[in-house]
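**Q** Take this sequence and fold it.
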Amino acid sequence: MSTARNDACPCGSGKKYKKCHGAPERAAPQSGEVTRANTLKARDTDLTGRLLRFARKRHGADWLKNALEQEGLDAAGEVADADVSIIVPWLLHFRFAEKFTTLAEEWSADARDRVSHDDDLILEAYHDAWISIWEVAEVVPGTGSRLVDLLTREERFVHDVSSASTLQRFDTLLAIVLTVDGVSFFGGLHTQPLPPRFAEPALQEARRLCRVRTRAVAPEKLREPGLQLDLIFIWGDAVDDMRDRPLPVMQNTDGDPMQLTSDDFALVGSRDAVARKLSAIEGAEEPEEEGGNTVFTVTKAGNVMNSSWNNTIVGRLVLSNTRLTVETNSVRRADSLRAAIEAGLAGLIRFRLRKEENTALLMEEARENASTAGAKPQAPLPPDAEAAVRDFRERHMRAWLDESIPALGGMTPRQAARAPAARRKLETLLKEIERNEAGQPGPMRIEVRWLWEELGFE
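**A** Coordinates of the predicted model:
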């Protein structure tokens, strides 16, 4: 029997048939297109080298330095590596010199007898191209990415194997996309993509410069060299904002500043006596054995930030033969547990010292390590633990629909979906959620695309 488009998909995904196995398949790029794109990109790279040599010969050894200075592109006397691969193509193919001629046009007229057919095609593609802000709609590993121009709303499949290994859905790029013989590839690309929340302000500023609010921008507008230069500056500012953003103020679910705290007690009485008293501490659960230590988890009912949670972990009590260590994630929780323990175990323990980790420093070190070495692989959880975590995250996501969200001005996602002024913020937030979920390890990843339909987005 046939399945109606709005029926549940027979595969059991929970999505509508039209959104799952009933969706029309996109044609996969053909191997001939991949080969042609690689050939053209290699030719484009060679052409860039020849244009730079021509510029130095015709306009002097300091041509590039002078051009950067004239356009204000050499902040602090240097150009960031991430900027070079978008700035150089702009200087060669879009920046007007004398008589409103680009350097590429100047070279083409001078070297007419040395310009190949593919050179002509590439030069023509640059003439027809523009700089814009593109969003990654789909990544095909080993081939390239399907991009949507957020300003003109045009779509291209860009053949680029290297970027396809690092990009993910909803990454946003500043790029020049060239199309030759129906095959597209990058002519220029700022190598720092932005996530949705940092790309959105840049996009709104670009739309303001183009004097449009919601309608598509004409490609002719984006071919204006002055506007292209503005887009480069806008993107650079957005990248700086992302890199210089302050570290988030970490809080636990009680709203306390996050502070990893460890209180150390020496045992004065017997370990068994201490264990019996710890069992009587309010909220102490059944103890577990870990590496020769007895560990009590202390909880309290409910949760301030997450109404769907049944309880909140307050801390851990780790009992060895000679020591009791109380581990918490805030000073307030540490003080509360210490007071309860000292009252309930008087004469059995003696306080020794408190250790507090510098949470801000740990976060800064983690950010630096992530930017230089990449994330370290984590040891996999047991299958039953993975299932429990995934189930918890799915329940939390469904409860999230009706929770007050600061990024939405205190509205719930359902309320924001019905408010035109907040709907754009909600869309950006949904992109962030789906993008972040794609980075989760496979067994921990949950399906979140149903959120779009639940909130009325196609």
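
**Q** how many other residues sit next to residue 156?
**A** Other residues within reach of residue 156 by the criterion other CB atoms under 10 Å amount to 19. Placement of C-beta: from N, CA and C, glycine included.

**Q** what's the answer for the one 3 residues further on, then?
**A** As a burial measure, residue 159 scores 24 neighbours (other CB under 10 Å).

**Q** ok, it - contacts?
**A** Residues near residue 159 by CB atoms under 8 Å, 6 or more residues apart in numbering: 29, 33-34, 37-38, 41, 143-144, 183-185.

**Q** And for residue 40?
**A** Contact analysis of residue 40 by CB under 8 Å, 6+ apart lists 118, 121-122, 178, 180, 183, 185.

**Q** CSV please, covering those and showing pLDDT.
**A** Formatted as CSV, those follow (pLDDT from 0 to 100):
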residue, pLDDT
118, 93
121, 96
122, 96
178, 97
180, 96
183, 95
185, 96
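
**Q** which stretches of the protein form strands?
**A** Per DSSP state E, the chain carries strands over the ranges 131-140, 144-149, 155-159, 172-180, 183-189, 261-267, 288-290, 293-301, 311-319, 323-328, 349-356.

**Q** close enough to count as contact, residue 48 and residue 92?
**A** Yes - using CB atoms under 8 Å, residue 48 is in contact with residue 92, at 6.7 Å.

**Q** Settle it for me: which of the two has more neighbours?
**A** Comparing residue 48 with residue 92 by neighbour count (other CB under 10 Å), the higher total belongs to residue 92, at 23 against 19.

**Q** so what's that one closest to, chain neighbours aside?
**A** Leaving out its chain neighbours, the residue that sits closest to residue 92 by CB to CB, 6 or more residues apart in numbering is residue 51, at 4.9 Å.

**Q** ok, that neighbour - contacts?
**A** 92, 103-104, 107.

**Q** from memory residue 103 sits against residue 97, does it?
**A** Yes - using CB under 8 Å, residue 103 is in contact with residue 97, at 6.4 Å.

**Q** Between those two, which is the more surrounded one?
**A** Taking neighbours as other CB under 10 Å, residue 103 and residue 97 compare with residue 103 leading, 22 against 14.

**Q** Same question for stretch 270-290: list its buried residues.
**A** Buried positions in stretch 270-290, judged by neighbour count with 16 or more other CB atoms under 10 Å: 271, 274, 277-278, 281, 283-284, 287.

**Q** and it, how far apart are its ends?
**A** End-to-end distance for stretch 270-290: 19 Å, by CA to CA, to the nearest Å.

**Q** That one - what's its average pLDDT?
**A** For stretch 270-290, the mean pLDDT works out to 94.

**Q** and which of the buried residues of stretch 270-290 is nearest residue 148?
**A** Closest approach to residue 148 among the buried residues of stretch 270-290 (CB to CB): residue 283, at 51.4 Å.

**Q** Looking at strand pairing, list the partners for the closest residue to that closest one other than its chain neighbours.
**A** Computed as CB to CB, 6+ apart, the closest residue to residue 283 that is not its neighbour in sequence is residue 298, at 4.6 Å. For residue 298, the beta-bridge partners under DSSP bridges are residue 284, residue 315.

**Q** and residue 298, what does it touch?
**A** Contact partners of residue 298, counting by CB under 8 Å, 6+ apart, are 281-285, 313-317, 337.

**Q** now it: how far from residue 275?
**A** To residue 275, residue 298 is 14 Å away according to CB to CB, to the nearest Å.

**Q** what would the contacts of residue 298 look like in JSON lines with distance to residue 207?
**A** JSON lines is the format used below for the contacts of residue 298 (distance: CB to CB, whole Å):
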{"residue": "281", "distance to residue 207": "58"}
{"residue": "282", "distance to residue 207": "57"}
{"residue": "283", "distance to residue 207": "53"}
{"residue": "284", "distance to residue 207": "57"}
{"residue": "285", "distance to residue 207": "54"}
{"residue": "313", "distance to residue 207": "46"}
{"residue": "314", "distance to residue 207": "48"}
{"residue": "315", "distance to residue 207": "50"}
{"residue": "316", "distance to residue 207": "51"}
{"residue": "317", "distance to residue 207": "56"}
{"residue": "337", "distance to residue 207": "53"}
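
**Q** count of neighbours near residue 86?
**A** 25.

**Q** show me the residues around it that make contact.
**A** Counted by CB under 8 Å, 6+ apart, residue 86 has contacts 131, 174-176, 188-190, 232, 235.

**Q** what's the answer for residue 65, then?
**A** Counting by CB under 8 Å, 6+ apart, residue 65 touches residue 74.

**Q** for the one 3 residues further on, same thing?
**A** Under the criterion of CB under 8 Å, 6+ apart, the contact list for residue 68 reads 74, 79, 87, 91.

**Q** go with 6 Å
**A** Taking CB atoms under 6 Å, 6 or more residues apart in numbering, we find residue 68 in contact with residue 74.

**Q** just residue 150 next, same as before
**A** Residue 150 makes contact with 133, 135, 203, according to CB under 6 Å, 6+ apart.

**Q** Identify the residues contacting residue 314.
**A** Residue 314 makes contact with 298, 300, 333, according to CB under 6 Å, 6+ apart.

**Q** quick one: which of those residues is nearest to residue 420?
**A** Nearest to residue 420 among the contacts of residue 314, counting by CB to CB, is residue 300 at 41.1 Å.

**Q** Report the contact partners of that closest one.
**A** Per CB under 6 Å, 6+ apart, neighbours of residue 300: 283, 312, 314.

**Q** With distance to residue 59 as added columns, please give those in TSV.
**A** Shown next, in TSV, are the contacts of residue 300 (distance: CB to CB, whole Å):
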residue	distance to residue 59
283	76
312	68
314	70
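
**Q** Let me see the ranges of the helices in the stretch 201-350 of the chain.
**A** All helices of the stretch 201-350 of the chain, identified by DSSP state H, counting those that start in this stretch, fall at 219-222, 225-243, 271-279, 331-344.

**Q** which residues touch residue 263?
**A** Counted by CB under 6 Å, 6+ apart, residue 263 has contacts 326, 334, 338, 354.

**Q** Quick check, the first one in contact with residue 337.
**A** Yes - assessed by CB atoms under 6 Å, residue 326 is found in contact with residue 337 at 5.4 Å.

**Q** of all the helices of the stretch 201-350 of the chain, which lies closest to residue 414?
**A** Comparing the helices of the stretch 201-350 of the chain by CB to CB, helix 225-243 comes nearest, at 29.4 Å.

**Q** Alpha carbons of that closest one, as PDB, please.
**A** Provided in PDB are the C-alpha atoms of helix 225-243 (Å, rounded to 0.1, in the frame of the first residue of the first chain):
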ATOM      1  CA  PRO A 225      33.500  46.600  -5.200                       C
ATOM      2  CA  GLY A 226      32.700  49.000  -2.400                       C
ATOM      3  CA  LEU A 227      30.000  46.800  -1.000                       C
ATOM      4  CA  GLN A 228      32.200  43.700  -1.300                       C
ATOM      5  CA  LEU A 229      34.900  45.500   0.700                       C
ATOM      6  CA  ASP A 230      32.300  46.300   3.400                       C
ATOM      7  CA  LEU A 231      31.300  42.700   3.600                       C
ATOM      8  CA  ILE A 232      34.900  41.700   4.200                       C
ATOM      9  CA  PHE A 233      35.100  44.200   7.100                       C
ATOM     10  CA  ILE A 234      31.800  43.100   8.500                       C
ATOM     11  CA  TRP A 235      32.900  39.400   8.500                       C
ATOM     12  CA  GLY A 236      36.200  40.300  10.100                       C
ATOM     13  CA  ASP A 237      34.400  42.100  12.900                       C
ATOM     14  CA  ALA A 238      32.100  39.200  13.400                       C
ATOM     15  CA  VAL A 239      35.000  36.800  13.600                       C
ATOM     16  CA  ASP A 240      36.800  39.000  16.100                       C
ATOM     17  CA  ASP A 241      33.500  39.200  18.200                       C
ATOM     18  CA  MET A 242      33.400  35.400  18.200                       C
ATOM     19  CA  ARG A 243      37.000  34.900  19.200                       C
END
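
**Q** That's all I had, so thanks and see you.
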